[in-house]
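curious how this folds, go ahead:
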Amino acid sequence: MSDEASEAQGGRVFFSSTGRTFGEEDELCVLSVGVDIGSSTSHLVFSRIMLERLDSRYVVTQRESFYQSDILLTPYAAQDEIDAEALGAFIAQQYKDAKIDPDEIDTGALILTGVAVRRRNARRIGELFAAQAGKMVAVSAGDSLETVMAAYGSGAAARSIRANGPVMNIDVGGGTSKIAVCADGKVADVTAVDVGARLVVLDDQRRIVRLEEAGRRFGAELGLKLEIGEILTEDAARALTAKMADALFEAVKGEAPSAGGAALLRLDPLSFRGKVVNVSFSGGVSEYIYGGEAKAFGDLGPQLAAELRTRLHDWGPELARPDARIRATVIGASQYTMQVSGSTIFVSPLETLPLRNIPVIAPALDLGEEKIDSDAVASSIKSALKRLDLGDGENPVAIFIPWRGSATFHRLDDFCKGVASGLEAVLAKGHPIVLAGDGDVGGLIGIHYCEEMKVTNPIVSIDGLELKEFDYIDIGAMLDTSGAVPVVIKSLIFPTSSGVGKDWKAQKAVSPLTAAS
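Reported below is the predicted structural model:
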């Protein structure tokens, strides 16, 4: 929504491409799209979401995936470049087949995952398609974020609510495998490892046509000199996938596998050392594990799936069936929620706004005690940044603040100091402090930073909101007529049902409130 459009409509907040007024309709229908460009496959999901007014907010009452695209083997123009033209043609055709114009899309996410995000032209492709395919939320997913998304999208997180202990999801794609331990409906631990079905890609004559560095490492471990154009025998392929499966299960057990003298983990090893009740698989290789696919696609998928099933049998946990397999990540990416603004705000300077597509972190903050531990606040924020691949400080972030208790000077001071310390890398890059809470202390926190701590970074502190990780926040410029700041929260929603093969419904959607200055 442009600032001019908002003012022209008397301060009303428009959130969609069709100019519908937020807060004035009892029922809304919005369209969302998820686009997943992975190292192995690329595909889309279009969703229709029904929202109904419930008192002062809208809630999601129905979700329908009305079109799931074909699954395309991600095209490459060269060894280290994705074929943007071929991908563009594929996405355009899927829009046409779904009878959807890009301008009709209200929101969604385009994500680049696995090895694909490391391609030389990956970011340019993400930005190009995000601009063309509607109001996208995100254009990339790091290893931590992708692991969490796969865990939620597969239904593993929801499944852990009903299980009698922790459960695990292993997302095995073309270039990487992501491992998540889930407990009580949340992702408790994650790691990722360079194991995948398309580390070595073959033509019809079994000649190697594409080779990832990790594939070369596994070959070196076996004494195989893998090169483009060389023949890979069936016996060599089985030996390679056996090594890959060994490495993956080392990572599953909290170890740090290596191959060819190089480390394979892309994140820290799992710290979880307990027993998991069951394990599910998602990603492209899962189609072979669960019998959804039998055809080979010039990669090591069938052999890798067979090796994983053998090791799973020897390991012991029950094999659970996920809600989604190859489409787990993209189905999650096609969903979102929104809210609008809070009750008190502090913005300095005013020129800081508008802010667009700021990722939200929701660190575990214990703010109910009489004394706030600033060191604990800082540590929790740094952990949340690391978990979502935001620790380098290159991007601004919004912190959700579940404030509890009184707002005395000492409590505010300890809290503000902890936040500033936790955001050290972000603030060093000149980004603003962006805080969004569910209480009514946004103005007091902003004033404390400005007047007491003399922070030189811009400050945006608002409240009256309910946020969670995977939300992306848009904060508009202050409206002259009301002194309010329009806020739109775009969220990725994940399954709340652990039912096998059942469509899932979202928990929350919208809360239309106006922020008073």
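
which helix in this structure runs the most residues?
When the chain is parsed with DSSP state H, its longest helix is helix 234-252.

per-residue confidence for Asp392?
pLDDT recorded at Asp392 is 90.

partner strands of the helix or strand where Val33 lies and their direction?
Assessed by DSSP states H and E, Val33 sits inside strand 27-37. The pairing partners recorded for strand 27-37 under DSSP bridges are strand 41-54 (antiparallel), strand 107-112 (parallel).

so where do the helices sit in the chain?
3-8, 84-97, 122-132, 143-153, 156-162, 213-221, 234-252, 286-289, 301-315, 328-333, 374-387, 409-422, 424-428, 442-447.

any idea which of those scores lowest on pLDDT?
helix 3-8 - the lowest mean pLDDT of those, at a mean of 38.

which intervals of the stretch 151-300 of the chain have sub-threshold pLDDT?
Along the stretch 151-300 of the chain, no part satisfies pLDDT under 70.

quick one, strands of it?
Under the criterion DSSP state E, counting those that start in this stretch, the stretch 151-300 of the chain contains strands at 167-172, 177-183, 186-193, 200-202, 208-211, 258-259, 262-263, 278-282.

angle of the strand holding Val33 against helix 84-97?
150 degrees (axes from the mean of the first three to the mean of the last three Cα atoms, to 10 degrees).

just to revisit the earlier point, please identify the most buried of the strands of the stretch 151-300 of the chain.
Across the strands of the stretch 151-300 of the chain, the average number of neighbours (mean count of other Cβ atoms under 10 Å) peaks for strand 167-172, which reaches a mean of 29. All C-beta spots, glycine's among them, are computed from the backbone N, C-alpha and C.

which residue packs closest to Cys182, ignoring adjacent ones?
Excluding its sequence neighbours, the residue lying closest to Cys182 (Cβ to Cβ, 6 or more residues apart in numbering) is Ser160, at 4.0 Å.

does the one you found touch Asn169 like I think?
No: counting by Cβ atoms under 8 Å, Ser160 does not reach Asn169; the two are 9.4 Å apart.

what residues are shared contacts of the two?
Cys182 (Cβ atoms under 8 Å, 6 or more residues apart in numbering).

quick one on the thing from earlier: winner for burial among the strands paired with strand 27-37?
Highest mean neighbour count of these: strand 107-112, a mean of 28 (counted as mean count of other Cβ under 10 Å).

now for Val167: which residues touch it?
With contacts defined as Cβ under 8 Å, 6+ apart, the neighbours of Val167 are 156, 159-160, 181-183, 276-280, 320.

what mean pLDDT does stretch 468-482 get?
Mean pLDDT, stretch 468-482: 67.

now render the helices of the chain as a markdown table, adding mean neighbour count.
Compiled in a markdown table, those are given as follows (neighbours: other Cβ atoms under 10 Å):
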| stretch | mean neighbour count |
| --- | --- |
| helix 3-8 | 14 |
| helix 84-97 | 16 |
| helix 122-132 | 17 |
| helix 143-153 | 27 |
| helix 156-162 | 22 |
| helix 213-221 | 21 |
| helix 234-252 | 20 |
| helix 286-289 | 24 |
| helix 301-315 | 18 |
| helix 328-333 | 30 |
| helix 374-387 | 19 |
| helix 409-422 | 19 |
| helix 424-428 | 16 |
| helix 442-447 | 22 |
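
okay if I get these as TSV plus distance to Glu227?
Shown next, in TSV, are these (distance: least, Cβ to Cβ, whole Å):
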stretch	distance to Glu227
helix 3-8	57
helix 84-97	26
helix 122-132	25
helix 143-153	28
helix 156-162	38
helix 213-221	9
helix 234-252	13
helix 286-289	27
helix 301-315	20
helix 328-333	32
helix 374-387	37
helix 409-422	47
helix 424-428	41
helix 442-447	59
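
any idea how far the closest residue in space to Ala259 that isn't next to it in sequence lies from Leu304?
In space, and not counting its chain neighbours, Ala259 is closest to Arg217: 4.1 Å by Cβ to Cβ, 6+ apart. Shown here: Arg217 relative to Leu304, a distance of 16 Å by Cβ to Cβ, to the nearest Å.

do Gly283 as well
Here Gly283 is placed at a distance of 11 Å from Leu304 (Cβ to Cβ).

give me the common contacts of the two.
Taking Cβ under 8 Å, 6+ apart as the criterion, Gly283 and Leu304 both touch Val172.
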